[in-house]
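Student: give me a 3D structure for the following:
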Amino acid sequence: MEKKVGLECFFTDAPGVGGKLKKYPEDFRVKEEIDLFEESEGEYTIAKIWSRNWETNRLVKRLSDELNINRKKIDFCGTKDKRAITTQWMSFKCHPEKLRDLNIKELEIQDAFTSHRSLRMGAHKRNQFEILIRDMSVEPEKALDRADDVGKKIEKEGGFPNWFGVQRFGTMRPITHIVGRKILKGDFEGAVKKYVASPKKGEEESCYEARNSLEKNWDPEEGLKIYPRVLTFERGILRDLKDNPGDFVSALKTLPHNLLMMFVHAYQSYLFNKMVSLRLQRNLPLNDALLGDVILPADSD
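Tutor: Numbers count the residues shown, from 1 in each chain. Model (predicted):
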């Protein structure tokens, strides 16, 4: 899995602890921390939202439908993966009462107040994580000892490689960077088919079977009949292709703009991972610049 997203080597030779990540959504918890806005009479509602097993873009689509507002009137600080318990902040161009009346499975509005301004991507200060590793191959005490060994190596080296993890590329289906590459290469048909089809073991069975069937026999109209409702974006693409056969650019434009940009950014992240891996494999420094390196000031925007 890691090699597919550019993670081609280890930073240390310390033994691992084995185990499984994200066996259940409860195993991965993330909370956004923000500088709270001062409550004021304004046209926006700032909301703290708890959710389970909701990918951010699909959640925004559902909220847009339930609130009967354009999805462009919903903003958020960061994209969260599906298989997790998340607490994140969003802003809505609507009255708080509309949110309090929501009844969506595995979602809870924990706070809501009005503001004169909306949120934006990256507006949160940090993410706080709680991660549970199940079925480790060693006892917890031994795992802590091994973690300490890694910590000492990191301290000695003055830091660790800031790779992009698998989550950046899709935990269940790590394909976002592949879609992004195809978009950049102008292979829009390939990008669409990679995103819509490409079944991966581990996703919900109904989704896997639908993707598998469409990958073997590409027919958007037939795909619409078997794709489960939960695959809202994929269904939107198939619906557009049914109405506009062969127009893969139009089909891609049915996706939210931030999701399209995420594909491109994922490919950038993949290239970054490849470069960091290559640097380590060649025993080149990570903290010192070499001839040909491009330097970005630490305080640069």
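Student: what number of residues lie near Glu222?
Tutor: 14 (other CB atoms under 10 Å). Glycine gets a C-beta too; all of them are placed from N, C-alpha and C.
Student: before we move on, what about Ser250?
Tutor: Ser250 has 14 neighbours, counted by other CB under 10 Å.
Student: what about it, helix or strand, and which?
Tutor: helix 248-252 (DSSP states H and E).
Student: for that helix, buried residues please.
Tutor: Residues of helix 248-252 classed as buried: 248, 251-252 (neighbour count, 16 or more other CB atoms under 10 Å).
Student: quick one: which of the residues you listed is nearest Lys82?
Tutor: Nearest to Lys82 among these: Leu252, at 21.1 Å, using CB to CB.
Student: doesn't Ile183 make contact with that closest one?
Tutor: Yes - counting by CB atoms under 8 Å, Leu252 touches Ile183, with 7.3 Å between them.
Student: who touches both of the two?
Tutor: Common neighbours of Leu252 and Ile183, counting by CB atoms under 8 Å, 6 or more residues apart in numbering, are 191, 260.
Student: which residues does the most centrally placed residue in the chain contact?
Tutor: Central residue of the chain (CA atoms, centre = their mean): Asp81, 4.4 Å from the mean position. By CB under 8 Å, 6+ apart, the contact list for Asp81 reads 28, 55, 167, 170-171.
Student: quick one: the strands in the chain?
Tutor: For the chain, the strands defined by DSSP state E cover 18-20, 28-33, 44-52, 74-76, 85-92, 107-115, 126-131, 134-136.
Student: reformat the ones you listed as TSV; add mean pLDDT, distance to Gly159 and mean neighbour count.
Tutor: As requested, the strands of the chain are exported to TSV (pLDDT from 0 to 100; distance: least, CB to CB, whole Å; neighbours: other CB atoms under 10 Å):
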stretch	mean pLDDT	distance to Gly159	mean neighbour count
strand 18-20	91	25	13
strand 28-33	94	23	18
strand 44-52	94	33	21
strand 74-76	93	30	22
strand 85-92	95	28	22
strand 107-115	92	36	15
strand 126-131	93	18	11
strand 134-136	94	26	11
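Student: so which of the ones you listed gets nearest Gln281?
Tutor: Judged by CB to CB, the one of the strands of the chain that comes nearest to Gln281 is strand 18-20, at 24.4 Å.
Student: please identify the buried residues of stretch 198-218?
Tutor: 199, 203, 207-208, 210-211, 213-214.
Student: for it, measure first residue to last.
Tutor: End-to-end distance of stretch 198-218 (CA to CA, to the nearest Å): 12 Å.
Student: show me the contact partners of that stretch.
Tutor: Here stretch 198-218 makes contact (CB under 8 Å, 6+ apart) with 172-173, 175, 193, 196-197, 222-223, 226-228, 230-231.
Student: least confident of these?
Tutor: Across the contacts of stretch 198-218, no position has a lower pLDDT than Met172, which has 81.
Student: need the contact list for that one.
Tutor: By CB under 8 Å, 6+ apart, the contact list for Met172 reads 82-83, 200, 202-203.
Student: show me what the lengthiest helix in the chain is packed against.
Tutor: For the chain, the helix with the greatest residue count under DSSP state H is helix 257-281. With contacts defined as 3 or more CB pairs under 8 Å, 6 or more residues apart in numbering; DSSP states H and E, helix 257-281 has these neighbours: helix 176-184.
Student: save the buried residues of helix 248-252 as a markdown table, and put in pLDDT too.
Tutor: Shown next, in a markdown table, are those (pLDDT from 0 to 100):
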| residue | pLDDT |
| --- | --- |
| Phe248 | 98 |
| Ala251 | 98 |
| Leu252 | 98 |
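Student: then the helix holding Ser250 to CSV, C-alphas only?
Tutor: In CSV, the C-alpha atoms belonging to helix 248-252 read as follows (Å, rounded to 0.1, in the frame of the first residue of the first chain):
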residue,chain,number,x,y,z
PHE,A,248,-15.6,13.2,-19.9
VAL,A,249,-14.7,16.8,-19.2
SER,A,250,-18.4,17.6,-18.6
ALA,A,251,-18.6,14.6,-16.3
LEU,A,252,-15.6,15.7,-14.2
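Student: quick one: pLDDT of Gly236?
Tutor: Note on Gly236: pLDDT of 96.
Student: next one: Ile34
Tutor: As summarised for this prediction, Ile34 has a pLDDT of 87.
Student: give the contact list for it.
Tutor: By CB under 8 Å, 6+ apart, the contact list for Ile34 reads 77, 89, 119, 123-125.
Student: looking at the residues you listed, which is nearest Lys48?
Tutor: Closest approach to Lys48 among the contacts of Ile34 (CB to CB): Trp89, at 5.8 Å.
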